[in-house]
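K.L.:
sharing a model that was predicted from the sequence below.
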Amino acid sequence: MAKRKQQNLVMERQLKKRKTIFRVISIAVAAAIVLAIGFGIWSVQDSRWVLRYDGGRVATNDFRAIMDIEFAEWRDNPMAREAAIGSLEYIVAIHDRAAHHGMVVSAEDRAIAESWVDNQIRVPRTFWGPQGPIDPLAYISNERLAELFVIAPLSSQLMDLYVPEGSIEIDEEELAQQQEEYVEEELDNYLDLQVMVLELSDPIEMENAYSLIGTIPFEDIVRMSTPWMVDEDDVVHSISAMDLAHLFDDQPEDLEYLLGLAEGENTSIIELAEFGFYVVFYAVSREEPDPDTVKEIFRDRYVLGRRNEVFENLVSEWVQESNFRVNRRGYNAV
């Protein structure tokens with residue numbers, strides 16, 4: 001009897017031991033599952049951020065947008081990826097500094113920016129698939145794209161605050177010399193030339209139209225030769241010399257000839273071989289550029305350029321102060 005009782009006690013102890021072991025194993029397995037789930041959730045959440053800095057975090061989608069829009073052809077190039085990170089740091093530094101000073105983008109400027117990114121960034125990249133239009137930038141809103149790619153309104157406010165016009169020291173003697181050189185080289189580009197243009201692709205039609213010059217007003221010849229033009233259409237155009245220079249990029253002699261027209265004169269027939277048509281220009285009015293005005297324009301650009309240099313250096317300092325750190329999970333997710 002005593003022996004049987006002893007056996008029962010041993011079996012009871014063994015059963016308790018097994019239950020304890022099973023409980024420990026169960027708890028360990030449950031803990032491992034919880035840790036695995038937690039790690040998975042953390043990993044997914046962590047990959048949503050590409051940058052951390054003293055002021056917060058930057059979404060991986062921002063990095064993806066810059067890569068997709070500016071560096072799509074060099075996605076696997078480390079230098080391109082680092083350049084995209086640098087662009088993102090610059091943009092974030094601008095936004096944070098502007099927020100620090102309570103600067104905002106006006107509703108009008110915001111609407112213009114969002115319209116621009118939609119027409120110039122999103123729509124050109126949208127394509128048709130089997131089920132309809134596919135937007136490769138669907139992961140990011142127009143509002144955020146505008147914040148990333150249209151920072152001029154905030155940059156301008158910040159530059160006015162940190163680098164006002166009067167803060168730039170100018171070597172007046174050096175500036176005067178550069179102004180003289182600019183006027184000498186670029187004065188003709190500021191010519192105000194009001195012209196009418198006769199444009200035809202058929203050389204015989206152009207010869208026939210050209211033969212009418214002097215017999216009827218040039219404007220009537222343009223109307224007769226342009227079927228889509230209605231009587232109310234104005235055929236007088238203000239065209240800058242810079243635009244003409246692009247049109248006659250490979251024909252400098254023809255450009256010089258055109259820019260030399262006096263009021264009331266017309267050119268002979270000029271062939272624009274690159275574009276496949278013929279033109280005749282008639283000068284309605286001509287106003288010579290004022291050298292002093294051109295000098296002031298150059299001065300304004302010179303000062304703005306100097307201010308920009310100082311401002312860019314400031315932004316570089318802000319980036320350094322922000323202590324940006326790349327989150328490799330988010331970085332490698334793109």
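P.N.:
Done, it's in. Residues are numbered from 1 along each chain as shown.
K.L.:
okay, CA-based contacts and neighbour counts for the rest of this
P.N.:
Noted.
K.L.:
show me where the chain has its strands.
P.N.:
Assigned strands in the chain, in chain order: 49-53, 56-59, 127-129, 132-134, 192-200, 237-240, 270-272, 277-287, 325-326 (criterion: DSSP state E).
K.L.:
what's the offset of the fourth one from the middle of its chain?
P.N.:
What it means is strand 132-134. On the basis of CA atoms, centre = their mean, to the nearest Å, strand 132-134 sits 24 Å off its chain's mean C-alpha point.
K.L.:
swap in stretch 152-172?
P.N.:
In this view, stretch 152-172 has its centroid 22 Å away from the chain centroid, taken as CA atoms, centre = their mean.
K.L.:
what about that stretch, start to end distance?
P.N.:
Length of stretch 152-172, first residue to last, CA to CA, to the nearest Å: 29 Å.
K.L.:
figure out which of the strands of the chain is closest to Ser156.
P.N.:
strand 56-59 (22.9 Å; CA to CA).
K.L.:
so which elements touch that closest one?
P.N.:
Using 3 or more CA pairs under 8 Å, 6 or more residues apart in numbering; DSSP states H and E, the elements in contact with strand 56-59 are strand 49-53.
K.L.:
partners of the strand it packs on in the sheet?
P.N.:
Sheet pairing of strand 49-53 (DSSP bridges) gives strand 56-59 (antiparallel), strand 325-326 (antiparallel).
K.L.:
reformat those strands as TSV; add distance to Ala65, mean pLDDT and mean neighbour count.
P.N.:
TSV is the format used below for the strands paired with strand 49-53 (distance: least, CA to CA, whole Å; pLDDT from 0 to 100; neighbours: other CA atoms under 10 Å):
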stretch	distance to Ala65	mean pLDDT	mean neighbour count
strand 56-59	10	92	16
strand 325-326	16	92	14
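K.L.:
nearest to Leu145, out of those strands?
P.N.:
strand 56-59 (12.5 Å).
K.L.:
which other residues reach that closest one?
P.N.:
Arg48, Trp49, Val50, Leu51, Arg52, Val92 (CA atoms under 8 Å, 6 or more residues apart in numbering).
K.L.:
in contact with the fifth one, which residues?
P.N.:
Residues touching Arg52, when contacts are defined by CA under 8 Å, 6+ apart, comprise Val58, Phe324, Arg325, Val326, Asn327.
K.L.:
who's the first one bridged to?
P.N.:
Using DSSP bridges, the beta-bridge partners of Val58 come out as Leu51.
K.L.:
how far away is Val285 from Leu259?
P.N.:
Rather than Val, residue 285 is Ser. Distance, Ser285 to Leu259, by CA to CA: 12 Å.
K.L.:
domains of this structure?
P.N.:
Domain ranges of the chain: 49-166+312-332, 192-287, per automatic domain parsing.
K.L.:
what's the closest of those to Glu181?
P.N.:
domain 192-287 (17.8 Å).
K.L.:
measure that closest one end to end?
P.N.:
5 Å.
K.L.:
stretch 256-274 too?
P.N.:
This stretch, stretch 256-274, spans 18 Å end to end (CA to CA).
K.L.:
and stretch 288-307, how far out from the chain's middle?
P.N.:
26 Å.
K.L.:
now stretch 84-91
P.N.:
The answer for stretch 84-91 is 13 Å, by CA atoms, centre = their mean.
K.L.:
contacts for it next, please.
P.N.:
Residues contacting stretch 84-91 (CA under 8 Å, 6+ apart): Asp62, Phe63, Ile66, Met67, Glu70, Phe71, Leu148, Ile151, Val315, Ser316, Val319, Phe324.
K.L.:
neighbours of the fourth one, just the number please.
P.N.:
Neighbour count for Met67, taken as other CA atoms under 10 Å: 20.
K.L.:
do you know the pLDDT at it?
P.N.:
Per-residue pLDDT puts Met67 at 94.
K.L.:
surely it touches Arg81?
P.N.:
Yes. Applying CA atoms under 8 Å as the test, Met67 and Arg81 come out as touching, 7.2 Å apart.
K.L.:
anything in contact with each of those two?
P.N.:
Common neighbours of Met67 and Arg81 (CA under 8 Å, 6+ apart) are Arg75.
K.L.:
next one: the residue most central in space within the chain relative to Asn332, how far apart?
P.N.:
Central residue of the chain (CA atoms, centre = their mean): Phe149, 4.9 Å from the mean position. Using CA to CA, Phe149 is found at 23 Å from Asn332.
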